[in-house]
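Participant: one predicted model, sequence on top.
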Amino acid sequence: MAMHEETVVIREQVGSGGSATVYRGSLSPSNADVAVKIVKKDLQSEKGRKIYNRTKSESRIMSEINHKHVCKIMGEVETDANIFLVLQYAANGDLLDRLNAQGPLSEKQTRKIFKQLVLAINYLHGRGVVHRDLKPENVFFDENDNVLLGDFGFAMTWSPVQTVEEYVGTLNYAAPEIVTHTPYTGPELDMWSLGALLLAMLTARIPFDAPTEESTALKITEAKFKMPVGASSAAKDLLTKLLQPNPLKRATMMDVLAHPWMKTRFQQRTIPTHLGLAKKLRQEAACCHSSEAM
């Protein structure tokens, strides 16, 4: 596959989900590692056209942003059958794999990841972009173990004077406005999802997990969750402020950046592990991955 002056060599598959398959690849002649996201084109069906439009939007949005904690796009190639997005390669996997392997993260580990995520989201919001699908599978790590936020398939541009009535995302990380089909502006969705991610990192549990989607939705709208065992008072305070059902009372980006937990120095402590809990995180991809109608 040719891209500008270089050729992309597609190698082994490293992920799949929703409408796309992701492969590890390399550029020739530079031999630099890349990720190649392949989306099949189907312009005959309504669903296929929606996926096509989302992929083109993802490519456009990613090409207009540039931040050290946001995955970079190197190029797009479109054929009669597929769209190929050539992306920065995340050498150290994603946050979901890390939680599956390690279980709950310490507050020190969590803060490093969370702070880099906050910097990325703050940048995006300032550029008029909302991610709308923050979850462990979309948080990647580069060769230096720094965060790379990826998968902009549900990202949109936002305006403070417009509300949106498109309800997308992944249920367990989605804000109450998505669950209740309440019009929203945009950034408040990402703030809630940051809270859900924070909870997931400190517990290695799926946030608001319940036997059915209906009972999960009820937990979300009522913000029913258990605080992480051994969490500091500052961490609990931040969780409470982010996982606030009323978007008008929910912590803003400025609130988070100024929060004491973001500046706390943590001593290393042992976090209780729960056998099998981290493993449950993988179930999310199968049962409620990127639902488009919630």
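Facilitator: Received it, and whenever you're ready, just let me know what you need.

Participant: burial measure for I61, as a count.
Facilitator: When neighbours are counted by other C-beta atoms under 10 Å, I61 registers 20. In this view, the C-beta of every residue, glycine as well, is placed from N, C-alpha and C.

Participant: which residues does it contact?
Facilitator: Listed by C-beta atoms under 8 Å, 6 or more residues apart in numbering, the contact partners of I61 are V129, F152, A155, T157.

Participant: can you check R132 too?
Facilitator: Each residue near R132 by C-beta under 8 Å, 6+ apart is listed here: F154, A155, M156, V168, G169, G186, L189, D190.

Participant: for the residues you listed, which one is nearest Y123?
Facilitator: Nearest to Y123 among these is D190, at 11.7 Å by C-beta to C-beta.

Participant: read off the pLDDT value for the closest one.
Facilitator: You'll see D190 listed with a pLDDT of 99.

Participant: I'd guess it is in a strand, am I close?
Facilitator: No - if the criterion is DSSP: H, G, I helix; E, B strand; the rest coil, then D190 is helix and not within a strand.

Participant: can you give me the helices for the stretch 51-200 of the chain?
Facilitator: Residue ranges of the helices in the stretch 51-200 of the chain, as given by DSSP state H, counting those that start in this stretch, are 95-102, 107-126, 176-179, 187-203.

Participant: quick one, the longest one and helix 95-102 angle?
Facilitator: So the one you mean is helix 107-126. Here the directions of helix 107-126 and helix 95-102 differ by 170 degrees (axes from the mean of the first three to the mean of the last three C-alpha atoms, to 10 degrees).

Participant: could you list every helix and strand in contact with helix 107-126?
Facilitator: strand 147-149, helix 187-203, helix 253-257 (3 or more C-beta pairs under 8 Å, 6 or more residues apart in numbering; DSSP states H and E).

Participant: which of the ones you listed is buried the deepest?
Facilitator: Among the helices and strands packed on helix 107-126, helix 187-203 has the highest mean neighbour count (mean count of other C-beta atoms under 10 Å), at a mean of 25.

Participant: with just CA atoms, put that one into PDB.
Facilitator: This file holds the C-alpha atoms of helix 187-203, laid out as PDB (Å, rounded to 0.1, in the frame of the first residue of the first chain):
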ATOM      1  CA  PRO A 187     -17.100  18.300  27.100                       C
ATOM      2  CA  GLU A 188     -19.300  17.200  30.000                       C
ATOM      3  CA  LEU A 189     -19.400  13.700  28.500                       C
ATOM      4  CA  ASP A 190     -15.600  13.400  28.500                       C
ATOM      5  CA  MET A 191     -15.500  14.600  32.100                       C
ATOM      6  CA  TRP A 192     -17.800  11.800  33.300                       C
ATOM      7  CA  SER A 193     -15.800   9.300  31.300                       C
ATOM      8  CA  LEU A 194     -12.600  10.500  32.900                       C
ATOM      9  CA  GLY A 195     -14.200   9.700  36.200                       C
ATOM     10  CA  ALA A 196     -15.200   6.200  35.000                       C
ATOM     11  CA  LEU A 197     -11.700   5.600  33.800                       C
ATOM     12  CA  LEU A 198     -10.200   6.800  37.100                       C
ATOM     13  CA  LEU A 199     -12.500   4.300  38.900                       C
ATOM     14  CA  ALA A 200     -11.500   1.500  36.600                       C
ATOM     15  CA  MET A 201      -7.800   2.100  37.100                       C
ATOM     16  CA  LEU A 202      -8.100   2.100  40.900                       C
ATOM     17  CA  THR A 203     -10.400  -1.000  41.000                       C
END
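
Participant: downstream of that helix, the next helix or strand is which one?
Facilitator: Downstream of helix 187-203, the first helix or strand assigned by DSSP states H and E is helix 213-222.

Participant: tell me what the helix or strand just after that next one is packed against?
Facilitator: Next in sequence after helix 213-222, counting helices and strands by DSSP H and E, comes helix 233-242. Contacts defined by 3+ C-beta pairs under 8 Å, 6+ apart place helix 233-242 against helix 187-203, helix 253-257.
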